[in-house]
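Visitor: no sequence on this one, just coordinates:
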């Protein structure tokens, strides 16, 4: 039992303690300097005393060892011995107790500092990863978990795996490991949405307690660089697309001030055209601003959920005036309870609105539009929104470019239909933000089908 000396050890210690005096007594007896009987009694007394001292001494040491083990297993503080200690052992026990208190205090300080460090790292606004010698992620702060969807393992694939496989980052990691110096690089992750990152790789010497040898600090510059691009794009696109309606307005104003100043019939007709051109410019500016806002948040996945079934029905009802104006019949095949998650309901409504308006405006006058919402298992389990028209269809070479800004298969027909050329671009960016897929199927003369797959479920 821990705390009690073993008999063999007691006997050995007694031999060490009582052996020398017993040997002296035996020698005195053999030299006839001490009578045999008193010598034997003295040797027996010496052995008994040695045995008692050995048992007490080893018992004290065993008790001290047990107390140290309990301290090591507990909070580091040495408990009081169960009984009295020999003076020498008591001095050792006092020294061990002071050492244990000092170590416990230092351990508590280290724990507090470690917790503080972890809290600081966790609160950093920029994503941070700790990599092992094998280039595997060991830890990630809250910003990194948010950036990579809560997963930090590179073995399961996904965004973190794509990041660590990126040639630019892989080279920076190797250089940092070989040189022991901080490396800084810029890179672009193309999937699931384009993302601009500024990366700093810092080698750790000595390594962290968990084996971390490399610190990877990521600064997401997507928003800042997107703002710069969009500022230039907005000026270029707005100046180009607004030039025609603005020129028309200026021309009609000049006409109304001159030749048609006193012509009420011409005035009425020109004012109607001017109102149409002004409305076209308003829609164009609204779509440009809306697209800019969507692109700014495209790299950040949405939160919440959206009932695609209810949204589709509501947007279909809102299209009643346009359906009537085009004499288009709308067929609805909507499965109730199809939920997209995570999703931004307002943006999903915009997707449905743009696709339905596109189908109605570019479909056949007096034709038919089919709206479907259903649960699907491909490309992955989720919800499929499908909108089909019976218009002239789209040639295969145009399909990949339909989601580009202001791309039109037939510019004259598109402008006559009232489109801004931004609807499908808006749809693409919203679908990308939701980590979904946009599929376009069409053949000339056979209409077009626009399908949007979103991760989701059936309620």
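Guide: Arrived safely. These numbers were taken from a predicted model, which means no experiment stands behind them.
Visitor: and the helices in the chain?
Guide: All helices of the chain, identified by DSSP state H, fall at 7-30, 36-73, 87-123, 142-147, 159-165, 167-179, 222-241, 243-257, 264-297, 308-318, 320-326, 345-362, 411-416, 423-433.
Visitor: pLDDT averaged over the longest one - what is it?
Guide: Mean pLDDT, computed over helix 36-73, is 74.
Visitor: quick one, what contacts residue 135?
Guide: The neighbours of residue 135, taking C-beta atoms under 8 Å, 6 or more residues apart in numbering as the test, are 164, 173, 214. From N, CA and C alone the C-beta is placed, and that goes for glycine too.
Visitor: ok, and the closest non-adjacent residue to the last one?
Guide: With C-beta to C-beta, 6 or more residues apart in numbering as the measure, residue 131 is the residue that lies nearest to residue 214, at 4.1 Å, once sequence neighbours are left out.
Visitor: any idea how many residues pack against that neighbour?
Guide: Residues lying near residue 131 (other C-beta atoms under 10 Å) number 23.
Visitor: that one: what's it in contact with?
Guide: Contacts for residue 131 (C-beta under 8 Å, 6+ apart) come out as 137, 138, 173, 212, 213, 214, 215, 216.
Visitor: strands - which of these land there?
Guide: Taking DSSP state E as the definition of strands, those contribute 137, 138, 214, 215, 216.
Visitor: where does the stretch 51-200 of the chain dip in pLDDT?
Guide: Residue ranges of the stretch 51-200 of the chain with pLDDT under 70: 57, 70-89, 114, 149-159, 191-193.
Visitor: mind putting the contacts of residue 135 in a markdown table, neighbour count and distance to residue 333 included?
Guide: Below are the contacts of residue 135 laid out as a markdown table (neighbours: other C-beta atoms under 10 Å; distance: C-beta to C-beta, whole Å):
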| residue | neighbour count | distance to residue 333 |
| --- | --- | --- |
| 164 | 17 | 44 |
| 173 | 21 | 52 |
| 214 | 23 | 54 |
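Visitor: what is the nearest of those to residue 382?
Guide: residue 164 (27.4 Å; C-beta to C-beta).
Visitor: pretty sure the closest one is in contact with residue 170, am I right?
Guide: Yes: assessed by C-beta atoms under 8 Å, residue 164 is found in contact with residue 170 at 7.2 Å.
Visitor: direction included, what does the lengthiest strand in the chain pair against?
Guide: Using DSSP E, we find that the single longest strand of the chain is strand 448-458. Strand pairing for strand 448-458, using DSSP bridges, gives strand 338-340 (antiparallel), strand 382-389 (antiparallel), strand 437-442 (antiparallel).
Visitor: now distance to residue 103 too, for the ones you listed, in TSV please.
Guide: TSV is the format used below for the strands paired with strand 448-458 (distance: least, C-beta to C-beta, whole Å):
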stretch	distance to residue 103
strand 338-340	56
strand 382-389	57
strand 437-442	59
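Visitor: residue 277 is nearest to which of the ones you listed?
Guide: Closest approach to residue 277 among those (C-beta to C-beta): strand 382-389, 26.5 Å.
Visitor: picking up where we left off before, now render the contacts of residue 135 as CSV, adding distance to residue 51.
Guide: Listed next are the contacts of residue 135 as CSV, based on distance: C-beta to C-beta, whole Å:
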residue, distance to residue 51
164, 69
173, 67
214, 62
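Visitor: ok, so of these, who is nearest residue 456?
Guide: Using C-beta to C-beta, residue 164 comes nearest to residue 456 of the contacts of residue 135, at 29.3 Å.
Visitor: show me the contacts for the spatially closest residue to residue 374 that is not a sequence neighbour.
Guide: In space, and not counting its chain neighbours, residue 374 is closest to residue 335: 4.8 Å by C-beta to C-beta, 6+ apart. With contact set as C-beta under 8 Å, 6+ apart, residue 335 has these partners: 309, 373, 374, 375, 458.
Visitor: most neighbours, which of those residues?
Guide: For the contacts of residue 335, counting by other C-beta under 10 Å, the largest number of neighbours falls to residue 373: 25 neighbours.
Visitor: residue 315 versus that residue, what's the distance?
Guide: Using C-beta to C-beta, to the nearest Å, we find residue 373 at a distance of 11 Å from residue 315.
Visitor: do residue 395 as well
Guide: Look at residue 395 and residue 315: by C-beta to C-beta, they are 28 Å apart.
Visitor: okay, the contacts of residue 131 in CSV with distance to residue 33 next?
Guide: Putting the contacts of residue 131 into CSV (distance: C-beta to C-beta, whole Å) gives the following:
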residue, distance to residue 33
137, 83
138, 77
173, 85
212, 75
213, 75
214, 80
215, 81
216, 85
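Visitor: kindly supply the ChimeraX command isolating those of the residues you listed that are buried.
Guide: In ChimeraX, this line selects whichever of these come out buried by 16 or more other C-beta atoms under 10 Å:
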select :137,138,173,212,213,214,215,216
